[in-house]
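> For reference, the sequence and a predicted model appear below.
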Amino acid sequence: MSSVVLGGGLAGLSAAYYLIRCIPNHPLTLIEASHRLGGWIKSNTLDDILFEQGPRTIRPHGISARNTLALIENLGLTDVVIPINSSHPAAKNRMIYANEKLHLLPTSIKSLFKKQDPFSKPLIWFLLNDLIAPRKNVKDESIYDFVNRRFGKEFADYLISPLICGICAGNAKEISVNFLMKNLFEYEQKYGSIFRGLTRSVFSRKILQKSELSQLALRARKEKWSVYSLRGGIETLAKSLESHIRKNNINIELDSECEEIEFFSDNVILQMKGGKNISATNVISALPSAKLGIALQKQYPELSELLQKIKSVTVGVVNLHYNKKLIKNEGFGYLVPPKEKLPILGVTFDSCCFPRGENTVLTVMMGGPWFEELFGSDPNEEVLLKTATDQLKTTLGIVDEPVNSKVNILKNCIPQYTVGHNENLENINNYIHKHNLPLFLCGASYYGVGVNDVILSSKNAVDKLIH
């Protein structure tokens, strides 16, 4: 038996890692279309200042998070973990920009009972509406519609819509609640309200024993981490996975693009750009679903169509470095509700999260579903840079010019789990099972866009393969 992992981003690297651990000396080829491994995760250093192209922090809570912490521990990266605990300003202070002002979001139970701009009344009144809002029996709907029904329009506009911009650069009016907030949706469908479901879940929740957690997960719990990063940036994790894979003499093919995949009774043939063919027994695909769909179009058009239903958006990421402290109110950063009609999604205060001396480091994110409308189909990096600095003048009053900057246009980088995603995903998996294809899926296109989700999807794909 031999395997091919398609895609050398975080998902592909993780899949190769788990396959090596489960089946030592297993014949394995990792194929990547670009000249480097790591995908969208890229940590650049300019004048000793770290610029993150992709994710800059990882969450330590939940099943997928515990899996990542165990992976980091197994890779020997415990000593390079940089945690932010729950009392840090970057954990407590999260803001939105609305009505031409920055607004601190509620940070305590007490603050729920006070009126805070931009809301017209205390948040507790929006939350209590869940107890009287009628249940709507549906398979799925947009997060915006769901929240609007249960908590009201202001809650949807000023809390949930910017949150979705931050999670997946998405439009809350299109994203599936039955995927991204599945538990809350199921509470309503089963118990009639979110609060009733939450109350029942508290009493049925399993308490994890210490023996079930890695040492790093125990430390995260004890020290009350909110998020964490790694010294050298998140790319440290990708580089460590790559190093582990190379030490195990895995065949890595860079600058190799798969154009077509053909399944036969006893093997799989991958036709590469340039005419080369690669044969294997099975394939783990960490490619974006649309690219995999194109490769399967000739032999399995129905599966191809299902895969290409999962669309992605382009995001502009502008990293900026100023050689003085410019942020007055420390925090994680701020998000912009789409109703404000600003050309940015939000700004992270990187130097508040991870201090850089007397420097200010910011990351401005823009685009998402509105990228082409704002910047056209052939965007200019200078336009994005000017947009970022102009918006910082407007929102933060920063008139200084940055001493360093970097613009990245990440085309189709974040999948959008639109209404009906669960059903589409079920149809994809049923098709693969029905046709007995030795094809296993992982990566951001399917089960979550976060670092934790992507890594766990790779582990689950390998588990399916070996069982």
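Happy to help now that I have it.

> Now the helix or strand of the chain with the lowest mean pLDDT: buried residues?
None of the helices or strands of the chain scores lower by mean pLDDT, DSSP states H and E than helix 194-204, at a mean of 86. Neighbour counts using 16 or more other C-beta atoms under 10 Å place 194-195, 197 of helix 194-204 among the buried residues. Just so you know, the C-beta spots here come from the backbone N, C-alpha and C atoms, and that holds for glycine as well.

> Against which helices or strands is the helix or strand that that helix is followed by packed?
Following helix 194-204 in sequence order, the next helix or strand is helix 215-223 (DSSP states H and E). Contact here means 3 or more C-beta pairs under 8 Å, 6 or more residues apart in numbering; DSSP states H and E; on that basis helix 215-223 packs against helix 63-74, strand 81-85.

> In CSV: the ones you listed, plus mean neighbour count.
Shown next, in CSV, are the helices and strands packed on helix 215-223 (neighbours: other C-beta atoms under 10 Å):
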stretch, mean neighbour count
helix 63-74, 20
strand 81-85, 17
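
> gap between the residue nearest to residue 297 when sequence neighbours are not counted and residue 58?
In space, and not counting its chain neighbours, residue 297 is closest to residue 304: 4.2 Å by C-beta to C-beta, 6 or more residues apart in numbering. From residue 304 over to residue 58 the distance is 33 Å, taken as C-beta to C-beta, to the nearest Å.

> and what of residue 425?
To residue 58, residue 425 is 24 Å away according to C-beta to C-beta.

> do residue 376 as well
Taking C-beta to C-beta, one finds residue 376 at 33 Å from residue 58.

> more crowded one of the two?
Legend: neighbour count by other C-beta atoms under 10 Å for residue 376 and residue 58, higher for residue 58 (21 against 10).

> which element is the residue nearest to residue 297 on?
Element membership of residue 304, judged by DSSP H and E, is helix 301-308.

> Can you list the neighbours in contact with that helix?
Counting by C-beta atoms under 8 Å, 6 or more residues apart in numbering, helix 301-308 makes contact with 289-290, 292-294, 296-297, 424, 427-428, 431-432, 435, 445, all of which sit outside it.

> repeat that for 6 Å
By C-beta atoms under 6 Å, 6 or more residues apart in numbering, the residues outside helix 301-308 that reach it are 289-290, 292-293, 296-297, 427-428, 431.

> What are the buried residues along that helix?
Buried-residue list, helix 301-308, by 16+ other C-beta under 10 Å: 303-304, 306-308.

> Stretch 362-372 now?
For stretch 362-372, the neighbour count (16+ other C-beta under 10 Å) marks 362-371 as buried.

> could those residues go into JSON lines alongside distance to residue 229 and pLDDT?
As requested, the buried residues of stretch 362-372 are exported to JSON lines (distance: C-beta to C-beta, whole Å; pLDDT from 0 to 100):
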{"residue": "362", "distance to residue 229": "16", "pLDDT": "98"}
{"residue": "363", "distance to residue 229": "13", "pLDDT": "98"}
{"residue": "364", "distance to residue 229": "19", "pLDDT": "98"}
{"residue": "365", "distance to residue 229": "17", "pLDDT": "98"}
{"residue": "366", "distance to residue 229": "22", "pLDDT": "97"}
{"residue": "367", "distance to residue 229": "24", "pLDDT": "97"}
{"residue": "368", "distance to residue 229": "23", "pLDDT": "97"}
{"residue": "369", "distance to residue 229": "28", "pLDDT": "97"}
{"residue": "370", "distance to residue 229": "28", "pLDDT": "98"}
{"residue": "371", "distance to residue 229": "26", "pLDDT": "97"}
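
> farthest-separated two in those?
The most widely separated members of the buried residues of stretch 362-372, counting by C-beta to C-beta, are 362 and 369 (23.0 Å).

> For residue 179, see how far away residue 310 is.
Per C-beta to C-beta, residue 310 is found 11 Å from residue 179.

> What's the first helix or strand after the helix holding residue 304?
Where DSSP H and E defines the elements, the next helix or strand beyond helix 301-308 is strand 312-322.

> List the contacts of that next one.
With C-beta under 6 Å, 6+ apart as the test, strand 312-322 has contacts from 49, 51, 53, 169, 360-369, 371, 384-385, 388, 400, 402-416.

> go with 7 Å
The contact list for strand 312-322 (C-beta atoms under 7 Å, 6 or more residues apart in numbering) reads 46, 49, 51, 53, 169, 288, 290, 359-369, 371, 375, 384-385, 388, 400, 402-416.

> Which ones among these lie within strands?
Judged by DSSP state E, strands contain the following of the contacts of strand 312-322: 46, 49, 51, 360-368, 404-415.
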